[in-house]
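Q: pasted the sequence and its predicted model underneath.
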2 protein chains.
Amino acid sequence: MINKLIEKIEKTQAPIVVGLDPMMKFVPGYIQKKAFDEFGETLEGAAEAIWQYNKGIVDAIYDLVPAVKPQVAMYEQFGIPGMIAFKKTVDYCKEKGLVVIGDIKRGDIGSTSEAYAVGHLGKVTVGSKAYYGFDEDFVTVNPYLGSDGVKPFVKICNEEKKGIFVLVKTSNPSSGEFQDRTVDGKPLYELVGEKVAEWGAECMGDKYSYVGAVVGATYPEQGKILRKVMPKSFILVPGYGAQGGKGADLVHFFNEDGLGAIINSSRGIIAAYQQEQYASYGETGYADASRAAVLAMKEDIKQALESR
Amino acid sequence: MINKLIEKIEKTQAPIVVGLDPMMKFVPGYIQKKAFDEFGETLEGAAEAIWQYNKGIVDAIYDLVPAVKPQVAMYEQFGIPGMIAFKKTVDYCKEKGLVVIGDIKRGDIGSTSEAYAVGHLGKVTVGSKAYYGFDEDFVTVNPYLGSDGVKPFVKICNEEKKGIFVLVKTSNPSSGEFQDRTVDGKPLYELVGEKVAEWGAECMGDKYSYVGAVVGATYPEQGKILRKVMPKSFILVPGYGAQGGKGADLVHFFNEDGLGAIINSSRGIIAAYQQEQYASYGETGYADASRAAVLAMKEDIKQALESR
């Protein structure tokens, strides 16, 4: 799947992933109304609204980008109907040929991480049969529990040729509280980055490993260091746009080959129509506004990479 | 809810939580067969099997213990049908008067943690209405992202009078890889413990905080230190039994008042019938075997506390 991701990045010329994080406040009123008319103001109604909203965006952008990243929390908050909308979104994006990165940030002790890995990337055994549960292509993983919490994911990645992105340095303001603390003269995130390189060595695609890392766009200096610590790992970079990251901040996340990073934007794309810049599209043009925002982001990153 | 948990611990005289982690290999053959006969060897069949298995255990132990802890990964691995079985289990345990600790180990950047908190502890807004998604009483939270990943949970805890247990020092063999690393002369887990105390101060019940911590039974020395670092936090202690922890190891997790800790056992209880000691119960007596194992665990912890 890392080979497919790279192939699609090269084909689209866009190292971009669109974060499908459908908060209700982003969903145009007419889509909410239609869903509520059919299902009532219920969890089912909310789930229908976010699914229809997603579908509009995916239809408008699937030819421009290699991948999408649905954030499961935004679905999970609507309980079971929300999880059904998550699964529908994953399946639909795959049908459209997109690589799907499930932003699930799971991680637990060994036997439990194995269940998560099986449920999101692999197949679970039921009697004499085996089934995919959520069947994403990649998922994000929290490393706080150490190797035995991560290796079950690596095992399934090897079996299924799928991948993970391990949280190394997250994009949020307080990520430094623990991640930046100095251990043996180095920040903790660097130590985690070294482990990512180690885990990744067990799980290689053609050029890059199936084990990648998450490093926030909001921390470009740390990205520069981590790029060197994990040369064979793809870096998933959240925090572009709404969280403050800009194209010029991102060049050091890439390797010399122009690969090695994929930049995520969520609300900057999916709620573009709510920004002044794209206001002329109006509510009903929300999907076209998302397309325009993808094109602008693509150009911003392209220029930044060309002028480095 | 921390007040209710304490009240129930005092009433049952059992600082015990039963981990409802239904791996298929624990589910008696006759329950699997019945479920597969009805639903086929499908995800729905598996979900029915784990739900019926859980129900049998809950019916056999609900009067003995204050709380249960379903591990969501064991349900999530079966996709949507598994999540439905999780929700049924949560609801049924609450009907039986049990406090439900959702072992979900979620944690993300602020806006995303808020969605998890809303989905698992609070109510999500849909138009003019609001609904509980999964509606556990407590959940476990991963601290790797720092304060802004934890505080949205604390906010919902204050609103709903519910609680969280933050991962501090986990029970697994490689938990030391990052958690034990020395930062400013102290291990990282101690730093996280200090933060738990700080977060907890914003969210107090009568005697204890709504913000607790997870510290593995397998690390009693660390438990002793952490008990002092977080005097007002309940410690959820996994790793008793199958993972190697014993009653005598656990006394230092408790405060002088005999409170402050709740010990989890999962497979040691729910798969008791598969142990030599309880083999005479047979497959069909699996729930009675679980009841016997709870009584033995209760006695082990009682004796350990009395002889300290």
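A: Cool, the structure landed. Numbers count the residues shown, from 1 in each chain, chains lettered A, B, ... in the order given.
Q: ok, A:Gly260 - contacts?
A: The contact partners of A:Gly260, by C-beta atoms under 8 Å, 6 or more residues apart in numbering or on different chains, come to A:Tyr208, A:Arg227, A:Pro231, A:Ser233, A:Phe234, A:Ile235, A:Phe253, A:Phe254. C-beta coordinates here come from the backbone N, C-alpha and C atoms, glycine included.
Q: ok, A:Ala117 next?
A: For A:Ala117, the contacting residues are A:Pro152, A:Phe153, A:Lys155, A:Ile156, by C-beta under 8 Å, 6+ apart.
Q: pLDDT at the first one, what is it?
A: By that I understand A:Pro152. Model confidence at A:Pro152, given as pLDDT, is 98.
Q: which one is it nearest to, not counting chain neighbours?
A: Taking C-beta to C-beta, 6 or more residues apart in numbering or on different chains, and ignoring the residues beside it in sequence, A:Pro152 has A:Glu114 as its nearest neighbour in space, at 3.9 Å.
Q: any idea how far that neighbour is from A:Cys93?
A: Noted for A:Glu114: a distance of 25 Å to A:Cys93, by C-beta to C-beta, to the nearest Å.
Q: have a look at the two and say which one is more surrounded.
A: A:Cys93 (25 against 21; other C-beta atoms under 10 Å in any protein chain shown).
Q: before we move on, back to that, tabulate the contacts of A:Ala117 in TSV, adding columns for distance to A:Leu305 and secondary structure.
A: Formatted as TSV, the contacts of A:Ala117 follow (distance: C-beta to C-beta, whole Å; DSSP: H, G, I helix; E, B strand; the rest coil):
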residue	distance to A:Leu305	secondary structure
A:Pro152	36	helix
A:Phe153	30	helix
A:Lys155	35	helix
A:Ile156	33	helix
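Q: most neighbours, which of those residues?
A: These, ranked by neighbours (other C-beta under 10 Å): first place A:Phe153, 29 neighbours.
Q: isn't that one right up against A:Val139?
A: Yes. Using C-beta atoms under 8 Å, A:Phe153 makes contact with A:Val139 at a distance of 7.3 Å.
Q: between those two, which contacts overlap?
A: Here A:Phe153 and A:Val139 have A:Tyr116, A:Leu121, A:Ile164 as joint contacts, going by C-beta under 8 Å, 6+ apart.
Q: strands along the stretch 101-250 of chain A, start to end?
A: Secondary structure of the stretch 101-250 of chain A (DSSP state E, counting those that start in this stretch): strands located at A:123-126, A:129-132, A:138-141, A:163-169, A:182-183, A:186-187, A:211-215, A:235-237.
Q: give me the subset of the contacts of A:Gly260 that lies in helices.
A: A:Arg227 (DSSP state H).
Q: ok, which pair from the contacts of A:Gly260 is furthest apart?
A: A:Tyr208 and A:Phe253 (13.4 Å; C-beta to C-beta).
Q: on that earlier part again, let me know the pLDDT of the residue nearest to A:Pro152.
A: Note for A:Glu114: predicted pLDDT of 98.
Q: next up, the contacts around it.
A: Counting by C-beta under 8 Å, 6+ apart, A:Glu114 makes contact with A:Pro152, A:Lys155, A:Ile156.
Q: A:Glu299: neighbour count?
A: 12.
Q: is it fair to say it lies in a strand?
A: No. Assigned with DSSP: H, G, I helix; E, B strand; the rest coil, A:Glu299 falls outside any strand and is helix.
Q: let me see the contact set for it.
A: No contacts exist for A:Glu299 under C-beta under 8 Å, 6+ apart.
Q: distance check, it against A:Ile16.
A: From A:Glu299 to A:Ile16 the distance is 11 Å (C-beta to C-beta).
Q: who are the contact partners of the residue lying closest to A:Thr218 once chain neighbours are set aside?
A: Among residues not flanking A:Thr218 along the chain, A:Gly239 sits closest, at 4.4 Å (C-beta to C-beta, 6+ apart). By C-beta under 8 Å, 6+ apart, A:Gly239 lies in contact with A:Ser171, A:Gly216, A:Ala217, A:Thr218, A:Gly245, A:Asn264.
Q: let's go with 6 Å and repeat that
A: A:Ser171, A:Gly216, A:Ala217, A:Thr218, A:Gly245 (C-beta atoms under 6 Å, 6 or more residues apart in numbering or on different chains).
Q: what's the spacing between the residue positioned nearest the centre of chain A and A:Ile101?
A: Geometric centre of chain A, nearest residue: A:Lys69, 3.5 Å, by C-alpha atoms, centre = their mean. According to C-beta to C-beta, A:Lys69 and A:Ile101 sit 4 Å apart.
Q: over to A:Gly260?
A: Separation of A:Gly260 from A:Ile101 (C-beta to C-beta) stands at 16 Å.
Q: ok, A:Val183 next?
A: Taking C-beta to C-beta as the measure, A:Val183 falls 29 Å from A:Ile101.
Q: more neighbours: those two, which one.
A: Taking neighbours as other C-beta under 10 Å, A:Val183 and A:Ile101 compare with A:Ile101 leading, 29 against 18.
Q: so what's the more buried one bridging to?
A: Taking DSSP bridges, one obtains A:Phe138 as the residues bridged to A:Ile101.
Q: ok so, going back, looking at the shared contacts of A:Phe153 and A:Val139, which is nearest B:Glu202?
A: Once C-beta to C-beta is applied, the member of the shared contacts of A:Phe153 and A:Val139 that ends up nearest B:Glu202 is A:Tyr116, at 30.5 Å.
Q: which residue, other than its chain neighbours, is closest to that closest one?
A: Of all residues not flanking A:Tyr116 in the chain, A:Arg106 sits nearest, at 4.2 Å (C-beta to C-beta, 6+ apart).
Q: what's the burial count for the one you found?
A: Quick note: A:Arg106 (other C-beta under 10 Å) scores 27 neighbours.
Q: and the helices in the stretch 201-308 of chain A?
A: Remark: helices assigned in the stretch 201-308 of chain A by DSSP state H, counting those that start in this stretch are A:220-229, A:267-270, A:286-306.
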